[in-house]
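Trainee: could you look at this predicted model? Sequence included:
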Amino acid sequence: MSVGSSRSEVPVLEVRHLGRSLPLGQDRIEILTDINFLIPPGEFVTLMGPSGSGKSTLLGCITGLDTPSSGQVFLNGTDVSSMRESRLAGIRNRTVGMVFQAFNLIPTLTARENVEVPLYAGAWKGSPSARSEELLGLVGLSHRLEHRPSQLSGGEQQRVAIARALATQPPLLVADEPTGNLAAAQGAEVLDLLWRLKETLGTTFVIATHDPSVAQYATRTLQLADGRLVSDAPGPRAPGP
Ligand SMILES: Nc1ncnc2c1ncn2[C@@H]1O[C@H](COP(=O)(O)OP(=O)(O)OP(=O)(O)O)[C@@H](O)[C@H]1O
Ligand SMILES: [Mg+2]
């Protein structure tokens, strides 16, 4: 638990000289160029920047959905950028949860079963079913355990996705436009929930967004432009409880 932790602790996330380029004919296009930042435990970070500036690519390089062309990504002090896929899967399962704009729940599974998936994948020691119920209670969905995604509202589906992302108790949760498919009121509910989870579980959040209402929650704001980190500033909120 990192609530109230000192800044001398190991950063939850550190990105060093990260670059991502792709071949384009004879050339390569640079999507991310020399990105550097370090995030201590307990921050609520928003990643802002125009469409195409590289936000999703950066999150992909952090979570392992994408592979950096250069540089390093450290999760809780472990360099995951040079790690083999077999070891990486286990580390990722325990250290970083991911939430998407489109929820990405499995449509044939109930809310409870969706949250259980990473627990089975990561060989969770306790009862997956009990853990799933606990998490769904934490996101206010104890009354929706046996509902399938199509029987849930958008805000409810996103809350199931958040419960799933936190199931293995990762210190870091990364979200790509988590309010992008939600009406304003549902989006606000999801943001209040994420902030509360930061306070109660000590989870660190990194959230890519265009939504100015998300930016108001940030204890730290990163700005990308053309694949470069052009600003890294504290606030507008204070990180403490
Ligand atoms: N697989 C790919 N092949 C070619 N270009 C790509 C690929 N993936 C991303 N890009 C390019 O990389 C750049 C950054 O894309 P990215 O999706 O990371 O931006 P973003 O900041 O998340 O944008 P948005 O706000 O619209 O979600 C864009 O110019 C995009 O076209
Ligand atoms: Mg994006």
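Mentor: Received, thanks. Just so you know, these numbers come straight off a predicted model, no measurement behind them. Ligands and ions are numbered 1, 2, ... in the order given.
Trainee: ok, then the element right after the regular element (helix or strand) spanning residue 62?
Mentor: Under the criterion of DSSP states H and E, residue 62 resides in helix 55-63. Sequence order places strand 70-75 as the next helix or strand after helix 55-63, per DSSP H and E.
Trainee: hang on, the earlier thing: is the helix holding residue 62 positioned near ligand 2?
Mentor: Yes: contact between helix 55-63 and ligand 2, assessed by CB under 5 Å from the ion, occurs at 55-56. Bear in mind the C-beta positions are built from the backbone N, C-alpha and C, glycine included.
Trainee: neighbouring contacts of the helix or strand bottoming out on mean pLDDT in the chain?
Mentor: For the chain, counting by mean pLDDT, DSSP states H and E, helix 85-95 ranks last in confidence among helices and strands (a mean of 83). If you take CB atoms under 8 Å, 6 or more residues apart in numbering as the criterion, helix 85-95 is touched by 63-64, 75-76, 78, 80, 83, 118, 121-122, 168-172.
Trainee: circling back to that earlier point, do any residues in the helix holding residue 62 lie close to ligand 1?
Mentor: Yes: using CB under 6 Å from any ligand atom, helix 55-63 reaches ligand 1 at 55-57.
Trainee: out of those residues, which are buried?
Mentor: 55-57 (16 or more other CB atoms under 10 Å).
Trainee: so what's residue 58 closest to, chain neighbours aside?
Mentor: Spatial nearest neighbour of residue 58, excluding adjacent residues (CB to CB, 6 or more residues apart in numbering): residue 32 at 6.0 Å.
Trainee: CA atoms only: put stretch 156-166 into PDB for me.
Mentor: Taking Å, rounded to 0.1, in the frame of the first residue of the first chain, the C-alpha atoms of stretch 156-166 are listed here in PDB:
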ATOM      1  CA  GLU A 156     -21.700   0.200 -15.500                       C
ATOM      2  CA  GLN A 157     -19.600  -1.600 -18.200                       C
ATOM      3  CA  GLN A 158     -16.700   0.800 -17.600                       C
ATOM      4  CA  ARG A 159     -16.900   0.200 -13.900                       C
ATOM      5  CA  VAL A 160     -16.800  -3.600 -14.500                       C
ATOM      6  CA  ALA A 161     -13.700  -2.900 -16.700                       C
ATOM      7  CA  ILE A 162     -12.100  -0.900 -13.900                       C
ATOM      8  CA  ALA A 163     -12.800  -3.800 -11.400                       C
ATOM      9  CA  ARG A 164     -11.200  -6.200 -13.900                       C
ATOM     10  CA  ALA A 165      -8.200  -4.000 -14.400                       C
ATOM     11  CA  LEU A 166      -7.700  -3.800 -10.600                       C
END
